[in-house]
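Asks: Predicted model and sequence below, questions to follow.
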Amino acid sequence: MENNIPEMEPIASGETHRTERSASAQRRLPRKRRRQNRTLKIINAVLLLLAGLGLAACAFAGYRYYTFSPGTYDDQIAALHEEAARIRTETEALQQELALEDEQMRSDLHQAGEEGAAAADALSTAKAENESLTETHTALVERVDFIKNIHENAQTFREEYARKIRQLEDMIVAGESGAKICYWSFDDGPGSYTAAVLDFCEQNGIYVTFFTSREANDTGRGDVDEPELLRREIMGGHSIQNHSNSHQYSMIAGNMYTKGIDSFREQVRLQDEWVYENTGFKPGIFRFPGGSAHAFSGPLSKDQMVSVLTELGYVWIDWDCDMADNAKANPDAGTVYSRAMYQVRKIDPPIAVVLSHDNYYSTYAGFMRAVPALQAEGYIFLPLFPESYAIGHSYARTWYY
Ligand SMILES: [Zn+2]
């Protein structure tokens with residue numbers, strides 16, 4: 001630097017002299033040289049300032065070193081360590097407490113969850129039970145309604161059924177229908193072959209009529225459950241009618257046609273009640289034991305007896321075709337079958353009422369043969385109702401076959 005600026009005077013020269021020298025020098029120096037001098041002066045000033053600041057910093061550090069007491073600092077550190085230890089202990093205690101609370105809460109929640117699940121289970125079960133009970137209740141209410149109205153319903157159904165059969169009969173009588181009806185009836189039962197007849201009817205979808213008598217056919221062996229058979233008859237869709245309680249029809253003293261009109265009335269009424277008690281069904285057709293011709297030949301007049309029947313809500317009927325299957329005649333099955341085929345075909349219009357008894361095997365066997373044969377000729381087997389055309393149009397003929 002010195003080499004570059006040989007003409008430069010020391011800075012410590014007197015101001016006036018320097019100014020004069022400087023001014024004269026500057027006047028002499030080229031412009032470029034003057035600018036370099038100025039820059040060097042600024043750098044020198046900055047270096048001096050920095051050196052001063054450095055000295056001051058050293059002085060301050062020295063002062064701090066000699067005035068600061070390390071003992072005080074150690075005390076503070078110890079206090080801070082103590083404080084930190086205390087805080088850590090408290091923190092650990094708190095954490096422990098929190099852990100316990102957390103565990104308790106978890107336990108409570110778990111228990112609550114279990115209780116909730118149990119409660120939900122119980123609710124679900126109760127709901128299902130309630131639904132089940134509601135269903136049962138509804139079914140029971142329906143059942144009670146049905147039972148309450150069963151007699152009325154059965155009566156309504158029976159009347160409707162009878163009305164339809166009567167329509168068919170009227171069409172047959174008027175020649176408007178080619179149908180043929182066989183009203184096959186069994187008297188004096190329930191008897192030894194009633195169950196077999198019922199089975200056969202059920203298997204073949206046919207319906208018959210039972211003129212029942214409580215005492216007519218007692219075997220004394222107790223092998224026939226008459227009330228049960230009555231129920232089977234009604235359940236099978238058959239017609240149950242009245243053939244008197246005692247069936248004591250011989251014209252000897254003390255029997256139903258010889259003991260006065262009240263005795264006759266009692267015979268009809270007792271049988272009526274017996275059927276009703278066992279089936280809930282009230283018969284409406286009476287068949288005189290021994291037939292109407294025999295009954296009217298005794299001391300009680302036709303008018304007297306028909307008047308009693310009317311009073312008790314009855315019409316009466318004999319039959320068209322007679323299987324003549326009494327114990328004395330004892331026809332075999334072939335004879336019963338032949339009689340049925342021969343006589344039923346003779347009834348015109350073709351609405352035939354057949355008389356037989358359900359306490360003989362041969363009658364049952366003959367019936368089983370006659371049914372399909374008559375069906376093949378167009379006959380249908382229906383239950384007899386008081387509304388039937390057959391009432392008042394059937395009479396006991398004299399048959400020679
Ligand atoms: Zn009889």
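Replies: The structure has been received and is ready for your questions.

Asks: contacts, neighbours, all on C-alpha from now
Replies: Fine.

Asks: Any figure for the gap between the residue nearest the centre of the chain and residue 321?
Replies: Central residue of the chain (CA atoms, centre = their mean): residue 135, 6.3 Å from the mean position. For residue 135, the distance to residue 321 equals 53 Å [CA to CA, to the nearest Å].

Asks: and after the helix or strand that contains residue 55, which helix or strand comes next?
Replies: Secondary structure assignment for residue 55, by DSSP states H and E: helix 31-67. Next in sequence after helix 31-67, counting helices and strands by DSSP H and E, comes helix 70-148.

Asks: bridging residues for whatever residue of the stretch 301-401 of the chain ends up closest to the ion?
Replies: Going by CA to the ion, the ion is nearest to residue 357 of the stretch 301-401 of the chain, at 7.8 Å. Beta-bridge pairing for residue 357 (DSSP bridges): residue 187.

Asks: Alpha carbons of stretch 359-369, in CSV - could you do that?
Replies: Written as CSV, here are the backbone C-alpha positions of stretch 359-369 (Å, rounded to 0.1, in the frame of the first residue of the first chain):
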residue,chain,number,x,y,z
ASN,A,359,-125.2,-102.6,13.3
TYR,A,360,-124.9,-105.4,10.7
TYR,A,361,-121.8,-106.3,8.9
SER,A,362,-123.7,-107.5,5.8
THR,A,363,-125.4,-104.1,5.6
TYR,A,364,-122.1,-102.3,5.7
ALA,A,365,-120.6,-104.7,3.1
GLY,A,366,-123.6,-104.3,0.8
PHE,A,367,-123.4,-100.5,1.2
MET,A,368,-119.7,-100.5,0.2
ARG,A,369,-120.6,-102.3,-3.0
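
Asks: and that stretch, average pLDDT?
Replies: Averaged across stretch 359-369, pLDDT comes to 96.

Asks: for stretch 43-54, same thing?
Replies: The average pLDDT for stretch 43-54 rounds to 88.

Asks: Quick check: buried residues in it?
Replies: By neighbour count with 16 or more other CA atoms under 10 Å, stretch 43-54 contains no buried residues.

Asks: Ok, stretch 346-363 next?
Replies: 347, 350-363.

Asks: Which members of these are positioned in strands?
Replies: Residues of those located in strands (DSSP state E): 351, 352, 353, 354, 355, 356, 357.

Asks: related to what we said a few turns ago, residues in contact with the residue of the stretch 301-401 of the chain closest to the ion?
Replies: Applying CA atoms under 8 Å, 6 or more residues apart in numbering to residue 357 gives the contacts 185, 186, 187, 188, 189, 325, 326, 363.

Asks: pretty sure residue 260 contacts residue 300?
Replies: Yes: counting by CA atoms under 8 Å, residue 260 does reach residue 300; the two are 7.0 Å apart.
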